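> Sequence and predicted model, in that order:
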Amino acid sequence: GAVVSQHPSRVICKSGTSVKIECRSLDFQATTMFWYRQFPKQSLMLMATSNEGSKATYEQGVEKDKFLINHASLTLSTLTVTSAHPEDSSFYICSARATGVDSPLHFGNGTRLTVT
Amino acid sequence: KQEVTQIPAALSVPEGENLVLNCSFTDSAIYNLQWFRQDPGKGLTSLLLIQSSQREQTSGRLNASLDKSSGRSTLYIAASQPGDSATYLCAPYFNSGNTPLVFGKGTRLSVIA
């Protein structure tokens, strides 16, 4: 079945540095991928919609200059957290869907980011 | 605003019990609805996708129903096992096409051996 791979699964970085998270669709092409963020015991909150070959669409309150999204191919989207701060520590999850309105949405295993 | 509510927020049951998780959503004009499972510190695993023309879907011990007119979906788990312990999330597709899902806070299930 369709699989979404996310890397790394866990990262610890120092405040002020940047971290890149990759999201790959392994056996299908995804013109659109979605990036979510989840705080402990909270639900998933949509951060942005990543569009292949064009600019990402960010949700209200999400800083586009801080969370850089690049969707350079039909199977890869990256999220870069720039100048990370401790409050950026969270669980980031990407998702993608194969073509077809009735295709289910598949999620990666998430990336636990800890900023010290 | 499109909102999803899941009741109960947490549930603890002994092994072997049948149980029902409830999901309600504000906009009944949904297309599909998907149920997920999330283990602690992990991503989401898709359990069932109920398409707009269907009223229910079954997979093994899981059965999900959808009543669009009342804005409700239920996930029935038969003969629960400790391995079923996880957070269960429902997510309606409020739009057709390649759009993101809106999530509720989920139901945190603990099945005690």
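All right, it came through fine. Numbers count the residues shown, from 1 in each chain, chains lettered A, B, ... in the order given.
> Could you name the helices and strands sitting against the helix or strand bottoming out on mean pLDDT in chain A?
Counting by mean pLDDT, DSSP states H and E, chain A has its least confident helix or strand at strand A:105-107, which shows a mean of 88. Where contact means 3 or more Cβ pairs under 8 Å, 6 or more residues apart in numbering or on different chains; DSSP states H and E, strand A:105-107 is packed against strand A:90-97, strand B:44-50. For the C-beta atoms, the positions are set from N, CA and C on the backbone; glycine is no exception.
> Go again with 10 Å.
Contact partners of strand A:105-107 among helices and strands, from 3 or more Cβ pairs under 10 Å, 6 or more residues apart in numbering or on different chains; DSSP states H and E: strand A:4-7, strand A:32-38, strand A:90-97, strand B:33-38, strand B:44-50.
> Using PDB, list the CA coordinates for stretch B:20-29.
Coordinates of each C-alpha in stretch B:20-29 appear next as PDB, following Å, rounded to 0.1, in the frame of the first residue of the first chain:
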ATOM      1  CA  VAL B  20     -17.700   2.500  20.800                       C
ATOM      2  CA  LEU B  21     -15.900   5.700  20.100                       C
ATOM      3  CA  ASN B  22     -17.900   8.700  19.000                       C
ATOM      4  CA  CYS B  23     -17.000  11.400  16.600                       C
ATOM      5  CA  SER B  24     -19.200  14.400  15.600                       C
ATOM      6  CA  PHE B  25     -18.500  17.200  13.200                       C
ATOM      7  CA  THR B  26     -20.000  20.600  12.600                       C
ATOM      8  CA  ASP B  27     -20.500  20.400   8.800                       C
ATOM      9  CA  SER B  28     -22.600  17.600   7.600                       C
ATOM     10  CA  ALA B  29     -21.700  18.200   4.000                       C
END
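> and that stretch with chain A, contact?
No. Using Cβ under 10 Å from any Cβ of the partner chain, stretch B:20-29 never reaches chain A; the gap is at least 12.2 Å.
> in stretch A:27-38, what's buried?
By 16 or more other Cβ atoms under 10 Å in any protein chain shown, the buried positions in stretch A:27-38 come out as A:28, A:30, A:32, A:33, A:34, A:35, A:36, A:37, A:38.
> Then stretch A:19-29?
Buried, per 16+ other Cβ under 10 Å, within stretch A:19-29: A:19, A:21, A:22, A:23, A:24, A:25, A:28.
> can you check stretch A:80-95 too?
Applying 16+ other Cβ under 10 Å to stretch A:80-95 flags A:81, A:84, A:88, A:89, A:90, A:91, A:92, A:93, A:94, A:95 as buried.
> Which residues of chain B lie near chain A?
Counting by Cβ under 10 Å from any Cβ, chain B sits next to chain A at B:4, B:6, B:9, B:31-32, B:34, B:36, B:38-49, B:51-53, B:87, B:89, B:91, B:93, B:95-106, B:108.
> related to what we said a few turns ago, got the helices and strands packed on strand A:105-107 as CSV, with distance to residue A:112 and mean pLDDT columns?
Below are these laid out as CSV (distance: least, Cβ to Cβ, whole Å; pLDDT from 0 to 100):
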stretch, distance to residue A:112, mean pLDDT
strand A:4-7, 11, 94
strand A:32-38, 10, 93
strand A:90-97, 6, 93
strand B:33-38, 13, 93
strand B:44-50, 15, 91
